[in-house]
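Enquirer: structural data only, the sequence is not supplied:
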DNA sequence: GTCTATAATCAGATAGAC
DNA sequence: GTCTATCTGATTATAGAC
């Protein structure tokens, strides 16, 4: 899905990778929509858990940022949005999860900005989470097209903002 | 393409809309890649011209912003990026045009910020163009998913920034 | 659970008549 | 330029044997 897009995920190819016959895909999932839904739910729950761990760190803003600019995670997110766009059966479910991700981010952002003494009256926390998400997603999309104009400047801008608010990034702990 | 995605654009459906037989699509364009390329080039050139007109207005920043938050234009852009992502033959060409769009935007942004007396040392103009692009694209993507959380706040934030820098938006002139 | 067999569509693309 | 006819291959999905 990450390499060739969701359209390349067919029952034949899935079966091939699993070393089974294509018909078994339908035995387990009936339709391809059901398969996508199952994969999506699993990844989304894992993602929510991973995000919760990240936001629980001493530097939640840096953690959120690192999450966003991870290319493979964001490429997957983009593909999932593509699926949602073209398979109505999945749209609602995917939209719901996307809102859960954003809610958690915004809660953590609100708490962090409050803790750092940043005035939330000028710029609501949800605006910061939206901006962080947007920047990373578009950057990944553009990288896929071979574009890089402005990326260095944008990275510097964002990481400068993070430094001013949350200080120098601490070394990342190894994940458990 | 806007309604059902680029994958729904097949020789049969194109022919149907044109009131012709599918084989004629191949007569005129040989492959579907050639067709996509022809469509893309035409729209891109039209888009560059329209963008140039917009950036030439007395309020280039507002014009650029209005361009970005136009849902159907941005949905088309997103679909084109989807095509680029999954048809290698088109990727290079699309990437090149995307860079031309950004270059023109950044030139206009640089001139405008200079004119308005905004210090470009803190935040390079290309960062502003990147942010504007990102925000509008992700907003349109999320709208397609039925999401709206934070959109009003982000709009207010962006338009507040535009007001402070470029003043209240003047009424839009009718296009010629 | 896993297989073979198969149905029903739909896709891109080409050959050749007119 | 436009048509008919056709090839080739992919897809989702079901039925039924083992």
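Expert: Arrived safely. Given the structure is predicted, the values throughout are model-derived calculations rather than measurements. Residues are numbered from 1 along each chain as shown, chains lettered A, B, ... in the order given.

Enquirer: find the least confident helix or strand in chain A, judged by mean pLDDT.
Expert: helix A:71-86 (a mean of 89; mean pLDDT, DSSP states H and E).

Enquirer: that helix packs against which elements?
Expert: When contacts are defined as 3 or more Cβ pairs under 8 Å, 6 or more residues apart in numbering or on different chains; DSSP states H and E, helix A:71-86 sits against helix A:32-55, helix A:88-115, helix A:125-144, helix B:125-144. Where you see a C-beta, it was placed from the backbone N, CA and C, and this is true even at glycine.

Enquirer: swap in 10 Å and give it another go.
Expert: When contacts are defined as 3 or more Cβ pairs under 10 Å, 6 or more residues apart in numbering or on different chains; DSSP states H and E, helix A:71-86 packs onto helix A:32-55, helix A:60-69, helix A:88-115, helix A:125-144, helix B:71-86, helix B:125-144.

Enquirer: the last one vs helix B:88-115, what angle?
Expert: So the one you mean is helix B:125-144. With axes from the mean of the first three to the mean of the last three Cα atoms, to 10 degrees defining the directions, helix B:125-144 sits at 120 degrees from helix B:88-115.

Enquirer: repeat for the second one
Expert: Comparing the axes of helix A:60-69 and helix B:88-115 via the same axes, to 10 degrees yields an angle of 140 degrees.

Enquirer: the fifth one too?
Expert: With the same axes, to 10 degrees as the criterion, the two stretches helix B:71-86 and helix B:88-115 enclose an angle of 130 degrees.

Enquirer: report the buried residues of helix B:71-86.
Expert: B:73-86 (16 or more other Cβ atoms under 10 Å in any protein chain shown).

Enquirer: touching chain B at all, stretch A:40-47?
Expert: No - figure legend: stretch A:40-47 not in contact with chain B (Cβ under 10 Å from any Cβ of the partner chain); closest approach 12.7 Å.

Enquirer: again with stretch A:10-18
Expert: No - Stretch A:10-18 lies out of reach of chain B by Cβ under 10 Å from any Cβ, never closer than 12.6 Å.

Enquirer: contacts for stretch A:28-38?
Expert: For stretch A:28-38, the external contacting residues (Cβ atoms under 10 Å, 6 or more residues apart in numbering or on different chains) are A:1, A:6, A:9-11, A:14, A:18, A:20, A:25-26, A:39, A:80, A:83-84, A:87-90, A:93-94.

Enquirer: oh, I was asking about stretch A:40-49
Expert: A:1, A:67, A:73, A:76-77, A:80, A:83-84, A:90, A:93-94, A:96-98, A:100-101, A:104.

Enquirer: near DNA strand D, which residues of chain A? Just list them.
Expert: Neighbours of DNA strand D within chain A, by Cβ under 7 Å from any atom of the strand: A:9-13, A:22-23, A:26, A:30-33.

Enquirer: so how do I select the buried members of the residues you listed in PyMOL?
Expert: Selecting just the buried residues from the residues of chain A next to DNA strand D in PyMOL takes one command, with 16+ other Cβ under 10 Å as the test:
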select buried, chain A and resi 9+11+32
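
Enquirer: which of the helices and strands packed on helix A:71-86 has the lowest mean pLDDT?
Expert: Among these, helix B:71-86 carries the lowest mean pLDDT, at a mean of 89.

Enquirer: how many other residues sit next to residue A:125?
Expert: By the criterion of other Cβ atoms under 10 Å in any protein chain shown, residue A:125 has 21 neighbours.

Enquirer: ok, now residue A:121?
Expert: Using other Cβ under 10 Å, residue A:121 has 6 other residues around it.

Enquirer: how many neighbouring residues does residue A:133 have?
Expert: Using other Cβ under 10 Å, residue A:133 has 24 other residues around it.

Enquirer: isn't it up against residue A:101?
Expert: Yes - counting by Cβ atoms under 10 Å, residue A:101 is a contact partner of residue A:133 at 8.7 Å.

Enquirer: joint contacts of those two?
Expert: Contact with both residue A:133 and residue A:101 is made by residues A:67, A:77, according to Cβ under 10 Å, 6+ apart.

Enquirer: related to what we said a few turns ago, quick one: distance of the least confident helix or strand of chain A to the chain centre.
Expert: Distance of helix A:71-86 from the chain centroid (Cα atoms, centre = their mean, to the nearest Å) equals 8 Å.

Enquirer: check stretch A:52-63 too.
Expert: Distance, stretch centre to chain centre, for stretch A:52-63: 15 Å (Cα atoms, centre = their mean).
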